[in-house]
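In: My questions are about this predicted structure, shown below with the sequence.
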Amino acid sequence: MPTINIDGVDLTVPTGTTVIQAAEMAGIYIPRYCYHPGLRIAGSCRMCLVEVEKLPGLQIACNTLVQDGMKVITNSERVRQARRGMLEFLLSNHPLDCPVCDQSGECDLQNYYMEFGRYRSRYFDNKTKRKKAFPIGPHVMLDQERCILCTRCVRFTEDVSKTHELGVFRRGHQSVIDLYPGRVLDNPYSGNVIDICPVGALTESDFRFQCRVWYLKEQHSICAGCARGCNISVHFNTDRRYKAQGRRVMRIKPRFHPEVNRWWLCDFGRFGHRYMDENRIEFFAEQKDGIRVDISCDEALGRVAQLLRGTLEEYGPSAVGIIVSPRLSNEELWVCRKLFVKGLGLHQTAAFDPWERPGFEDDFLLKADRNPNRRAVELTGFTADARELLEKAAEGRIRLLYIVHQDFAAPEAAELLQKAPAVIYQGTNWTRTAQQADLILAGAVHAEEEGTFTNFEGRVQRFFRCFAPIEESRDDLEIFRDLGQSLGVTVPESAATALKDWIGIDPDEIGEHGVLLSELSQVEA
Amino acid sequence: MPIVKLVSEFFGVEEARRLDWRLRHGGYEGARHALRDMTPEEVTEEVVRSNLRGLGGAGFPTGRKWMFVPKETTQPKYLAVNCDEAEPGTFKDRYIVEWDPHRLLEGIIICSYAVGIHQAYIYIRGEYVRPYHRLKRALEEAYAAGIFGGKVLGSDFSLEVHIHRGAGAYICGEETALLESLEGKKGWPRLKPPFPAVKGLFGCPTVINNVETLSHLPKIILNGGSWFSDLGVERNGGARLFALSGHVNRPGIYELPLGTPLRELIEEHGGGVWRGKRLKGVVPGGTSSGVLCADEIDVPLTFEALAEKGSMLGSGAVVVMDEDTCMVRALHNVEDFFAHESCGQCTPCREGTNWAYRILSRIVSGNGVPEDLDTLEHLASNMRGTSICALCEGARMPLQSFLTKFRDEFEYYIKNRRSMVSGRTPTTVST
Amino acid sequence: MSEGFTFTPENQKRFREILTAYPNRRAAMLPTLHLVLQQHGFIPPEAEPYVAELLEVPLVDVREVVSFYSLFIQERQGRHHLKVCCSLSCWLRGSDEVRAFLRENLGIPEGAVTEDGRFSWEAVPDCLGACELAPMAQVDERFEGFLTRERLEKLLQSLREETYPSQVEAD
């Protein structure tokens, strides 16, 4: 374990650490473009040049291994001049599109210029012209003039996605990053190049011109797209409703997790957030003879309680079917169990759509199970799929179906549901299933709630509330609580109490990387 | 000092490139001696003793370079012969390959034996077509005579040699870019460390040597390292080929001992400046070495002496410029080359060479402004020591030295919108 | 295999020989592309997927190489191509005049091809390694130096008459 002195600070680091990494451990940020911890070292941008005692000239920090006794200076005049020099070189051919560039506000050319640049430009010649602002895939736009040739995107398509769409063509100042002619950047991880591009060369098409980044707020969350549970950050805008047709979620970015997703996120999770703002069930409603009438939440829950009590009294517990979903959070599943199974004594329960086709799985992030919380569903005892319940409902043996956040895409399911005597749907979007219900309860998406999911490894990870539920929709836990109250069943008050009830720990005890179930002593069933 | 005939011994002799003639005139005697009578370590020792230094441009002591290859390794070792001669003004390796290819092949055997290499690649630039054919035929003759293959010259040492043609990129003369090109990729130099001696071609220990460097080995082995070192001066062993061109009466190849004064090469051997003109400037070691003024040519041609003058011995390409040469256009010509040849991988070279070329183009077309000179100096200082490889340094040196030594011409050109020297319309080569 | 470009049977044999010189397929990239050049006169777009498949490398890697190296031209040149060296030594000894002559005599600027497809020419800043012959040009495969007006006129004449020995041998 060598010891290094950086800017006067002594630090012992693991063998194999580079100077740029050691500096970060010491809280010193060395500017860089081409270096990225998730990609192989390129050493080409030359921004991270530092002084290393006893070595002539400056050395790049990203490719210099820490040797015992090494002394590094990152803040000398020589280093500052080199940084300014490299910036000036990069800006010499840069179109300076800031007023129209989405990267503005989170651009490393801007940031480094403000911190290390601040020189008067002395470039008065023509700049190299390249292709501007064209789509290279369904989600990504490329502006070759803004590109500083850090090659992060190329290395990503070589080593991470291994799809080899991008390359550096030609030579010298005519070098240009581009697709192979005729190809498209359409691998399932294409969006990651947007994150790693330090400038506005690669940008998100969906986000283009939607909102300035300094207007964005952010909140930590977990992707609900599959069983991996990639750590994400939701970037949203709630103050300026005139932007993006009033949508709140502007974009999703990955958060680093050393085990689950590292720095990466798949395109399904990254770009599949429109459902949070579009086609939402915004009001509680009642549907009779094809006519839908919005009603208040109180009224709706009153009707639900009435239906449940009525059906139980007349036909008994086997006549009520509860269908939950692996898209519900740990807390919601636990409360469903407490309310429906333990509280009301219902035993006709199910959680899975038998017609759901698994997605494709790869050796990277995507899991075949496109639901975020199957583990918890199984652990809370909802093991069956819904076919039997739907058939019973169609035959009339089940008189009341209460479906929570579950959507059946298959026409067979719709046919069966059509014949069911009474259907209550609690969910977020106007899916076919929702449209077939008699009573619709407006629930919340997980970005509007706090809670946890359990991923495929059994890792419990927290997500936090970004904004209030849309219009008159409500947090599902609150719906269950109010329902419990009118039915005389006590259910946990909050997400925190629900989780503590289930696995015996407070959510605040869960660290930023989640906690594995296998490390917990108590998991209630 | 007189001209010597070491590697240039058979230049001009048409039969010398045929194996049968060459064998009758000492061909492969050095290699035979090494294989039969010396251990690999002894061979390396002689080369160290000889003070032979890399003659492609970098001037690193050859024997010492070989010693960086790890002795104990399970990996195959490689030799890459650098015949990607493209430094402007340089044509010496072409002469060796065209007139005496067997000398090079013999040197390859000696180096390979010393280091324990059994596979060698000769990287020859793509533009050299006739030299390639001559080399190919010499190699075929040698193979047919059992000189290469499983039993080199009848010994139990095996060595396979392949010729690999380049495709038009000066940067591939940089040793790690050469390796990348050999591996089938674009010629982007690698970061060092790791060094090629440890991790080179296909990730294996590799020696990269210039054609001329290897061609000296036969005589060094036959006559001994001290003989070679004594021919030269301290730390600069032996003699080397100088390629003289430009405004001289007798352009051509001159083999002279290291330490010969530059003036002697130009005036005595080269016949002096042509057309009775006066000397204005000299590029002493390929355009990467910058420029010397007429009053600086008494410098001895050694690595150290030229380095002291802020220049370098480099590839031994001496380009002479007469009094009518416009130094502004000369620098423009030089920077055009570097901008065209920069591989584009790293920031200072990709942007710096291009920016310098654009400014110089503007000056040459009569649209320069006084600030341009300060900007050029500023660029040069930011190009120093910041790049991945030495091409950037090669572009920087002439930028700095032409500007410093002939500043009055630049100032004149900017002020009067034309050259101080000649009135011709400037022409440029677009990159 | 892609349609549009394939090696002739002789070149397929040559390709197999090329492979034996290297421990992996990718390393055969440059010699394989030279073979394409030899067969076709330039590297057409269809050759790229063909080479990528032969060498078992991603398509984009072939294009990176083709677009990086000056000799891997992607458009057909004239039947005879003159590459005028304009590096320092040749410039000092009159490459500007050589260019002016060719512009006038061939009637086309640098980088163009004559209408009858017989000639194309270019002026390159790369030193071709024959400075003792300055000013020089590479004419097809051959180096031609000391290019005075007279020599250039004779040269062009022999090219027009198709008596010029374009290909070089070892001697």
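Out: Here it is on my side, so go on.

In: C-alpha only now, for contacts and for neighbours.
Out: Will do.

In: which residues in the stretch 1-150 of chain B form helices?
Out: Assignment of helices within the stretch 1-150 of chain B using DSSP state H, counting those that start in this stretch yields the ranges B:19-24, B:29-37, B:40-50, B:62-66, B:92-99, B:101-115, B:129-144.

In: could you dump those helices to JSON lines with mean neighbour count and mean pLDDT?
Out: JSON lines is the format used below for those (neighbours: other C-alpha atoms under 10 Å in any protein chain shown; pLDDT from 0 to 100):
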{"stretch": "helix B:19-24", "mean neighbour count": "15", "mean pLDDT": "98"}
{"stretch": "helix B:29-37", "mean neighbour count": "19", "mean pLDDT": "97"}
{"stretch": "helix B:40-50", "mean neighbour count": "21", "mean pLDDT": "97"}
{"stretch": "helix B:62-66", "mean neighbour count": "20", "mean pLDDT": "97"}
{"stretch": "helix B:92-99", "mean neighbour count": "26", "mean pLDDT": "98"}
{"stretch": "helix B:101-115", "mean neighbour count": "27", "mean pLDDT": "98"}
{"stretch": "helix B:129-144", "mean neighbour count": "20", "mean pLDDT": "97"}
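
In: Can you classify the residue positioned nearest the centre of chain C by secondary structure?
Out: Nearest to the centroid of the C-alpha atoms of chain C, with distances taken as C-alpha atoms, centre = their mean, sits C:L71, at 5.4 Å. Per DSSP: H, G, I helix; E, B strand; the rest coil, the local secondary structure of C:L71 is coil.

In: right, so of the helices of the stretch 1-150 of chain B, which gets closest to chain C?
Out: With C-alpha to the nearest C-alpha, the closest approach to chain C among those belongs to helix B:129-144: 4.4 Å.

In: Residue 91: neighbour count?
Out: Looking at chain A here, since you left the chain open. For A:L91, the number of neighbouring residues by other C-alpha atoms under 10 Å in any protein chain shown comes to 19.

In: Oops, wrong one, chain C.
Out: 21.

In: can you check B:E234 too?
Out: Using other C-alpha under 10 Å, B:E234 has 14 other residues around it.

In: Check A:T452 too.
Out: If you count neighbours by other C-alpha under 10 Å, A:T452 ends up with 29.

In: which parts of chain A sit against chain B?
Out: When proximity is defined by C-alpha under 8 Å from any C-alpha of the partner chain, chain A lies next to chain B at A:42-46, A:49, A:57-58, A:82, A:85-86, A:89-90, A:92-93, A:122, A:125, A:149, A:171-175.

In: among those residues, which are in reach of chain C?
Out: Near chain C, taking C-alpha under 8 Å from any C-alpha as the test, the members of the residues of chain A next to chain B found are A:R171.

In: Show the buried residues in the residues of chain A next to chain B.
Out: Neighbour-count burial (16 or more other C-alpha atoms under 10 Å in any protein chain shown) applied to the residues of chain A next to chain B gives A:42-46, A:49, A:58, A:82, A:85-86, A:89-90, A:92-93, A:149, A:171-175.

In: quick one: the closest residue to chain B within chain A and B:C343, what's the gap?
Out: When C-alpha to the nearest C-alpha is the measure, chain A has its nearest residue to chain B at A:G172, with 3.7 Å between them. According to C-alpha to C-alpha, to the nearest Å, A:G172 stands 5 Å off from B:C343.

In: for B:E175, same thing?
Out: Distance of B:E175 to B:C343, computed by C-alpha to C-alpha: 14 Å.

In: before we move on, back to that, sort out for me which of the residues of chain A next to chain B are in helices.
Out: Among the residues of chain A next to chain B, the subset assigned to helices under DSSP state H consists of A:82, A:85-86, A:89-90, A:92.

In: Break down the stretch 201-350 of chain A into its strands, ranges please.
Out: A:202-204, A:217-222, A:231-236, A:249-254, A:285-288, A:291-294, A:320-323, A:348-350 (DSSP state E, counting those that start in this stretch).

In: Any regions of chain C where pLDDT drops low?
Out: Scanning chain C with the threshold set as pLDDT under 70 gives C:1-3.

In: Burial check on C:W121, number of neighbours?
Out: By the other C-alpha under 10 Å criterion, the neighbourhood of C:W121 contains 26 residues.

In: Identify the residue spatially nearest to it, adjacent ones excluded.
Out: Closest residue to C:W121 in three dimensions, ignoring its sequence neighbours and counting by C-alpha to C-alpha, 6 or more residues apart in numbering or on different chains: C:L82, at 4.5 Å.

In: unless I'm mixing things up, C:R26 is touching B:K186, no?
Out: No - under the criterion of C-alpha atoms under 8 Å, C:R26 is not in contact with B:K186, lying 11.6 Å apart.

In: ok, those two, which is more surrounded?
Out: Higher neighbour count among C:R26 and B:K186: B:K186, with 31 against 23, using other C-alpha under 10 Å.

In: Give the buried residues for stretch A:257-276.
Out: By neighbour count on 16+ other C-alpha under 10 Å, the buried set for stretch A:257-276 is A:257, A:260-271, A:273, A:276.

In: In those residues, find the pair that's most separated.
Out: The most widely separated members of the buried residues of stretch A:257-276, counting by C-alpha to C-alpha, are A:R262 and A:M276 (25.0 Å).

In: Let me see the contact set for A:P99.
Out: By C-alpha atoms under 8 Å, 6 or more residues apart in numbering or on different chains, the contact list for A:P99 is empty.

In: Then A:T151?
Out: A:T151 sits next to A:34, A:42, A:168, A:177 when contact means C-alpha under 8 Å, 6+ apart.
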